[in-house]
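K.L.:
whatever this is, show me its structure:
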Amino acid sequence: MAIEIYVRKVNNILMPSDIAQAELLEGLKPNSDYKAILTQPRNPLFHRKAFALSNIGFNAWIPPDDRQYKGRSIAKNFDSFRDELTIRAGFFDPVWKIGGEMRLKPHSWSWGETDQEKFERMYSGFIDVILRDVLSSKLYTQQELERQVELVLGFS
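P.N.:
The predicted structure is shown next:
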């Protein structure tokens, strides 16, 4: 059996970080040994902030036109926008496709693959890309964009 639980260090004792985590601990057998792998999770508020920023960029972005591919409309897609945002911010790996072509694979935003420090660098790059490539005609500043993000999150 494997569970993932979040703990907090209080006076050199690891304690469940909230009620839900305490309930997970209650399900474990008393006086039994368990193996724990501890990592410091990313800031969840900052993660939401990055999604709010990317949503602002996505909503402001207007695709070139109503082109079609093999009779199908080309859709505006948030996941594709987020991948492109990540690549344009410089967080990608070049990889080979089966046909011998190179493509850029965006770095993951997932908690398990990106630590807080790297995610903060990514976020800074996202701001630059959105200001340069999406909002350039609207003359936004970084401060105005950050204020919009705070409004979306309900912090202002």
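K.L.:
how is this structure carved up into domains?
P.N.:
1-38, 44-153 (automatic domain parsing).
K.L.:
which of those sits most buried?
P.N.:
Highest mean neighbour count among the domains of the chain (mean count of other CB atoms under 10 Å): domain 44-153, with a mean of 14. In short, each C-beta sits where N, CA and C put it, glycine included.
K.L.:
avg pLDDT for that one?
P.N.:
Over the span of domain 44-153, the pLDDT mean works out to 92.
K.L.:
next, the distance between the ends of it.
P.N.:
The straight-line separation of the ends of domain 44-153 (CA to CA, to the nearest Å) is 12 Å.
K.L.:
next SSE downstream of the top helix by length along the chain?
P.N.:
Using DSSP state H to assign secondary structure, the helix with the most residues in the chain is helix 44-60. Past helix 44-60, heading to the C-terminal end, the next element that is a helix or strand (DSSP states H and E) is strand 68-69.
K.L.:
what's in contact with that next one?
P.N.:
residue 74 (CB atoms under 8 Å, 6 or more residues apart in numbering).
K.L.:
need the next SSE after that strand, C-terminal direction.
P.N.:
If you walk from strand 68-69 toward the C-terminus, the next helix or strand you reach (DSSP H and E) is strand 72-73.
K.L.:
tell me the strands beside that next one, with direction?
P.N.:
strand 68-69 (antiparallel) (DSSP bridges).
K.L.:
would you map the helices across this structure?
P.N.:
Taking DSSP H, the helices of the chain run over residues 19-26, 44-60, 78-88, 116-129, 142-153.
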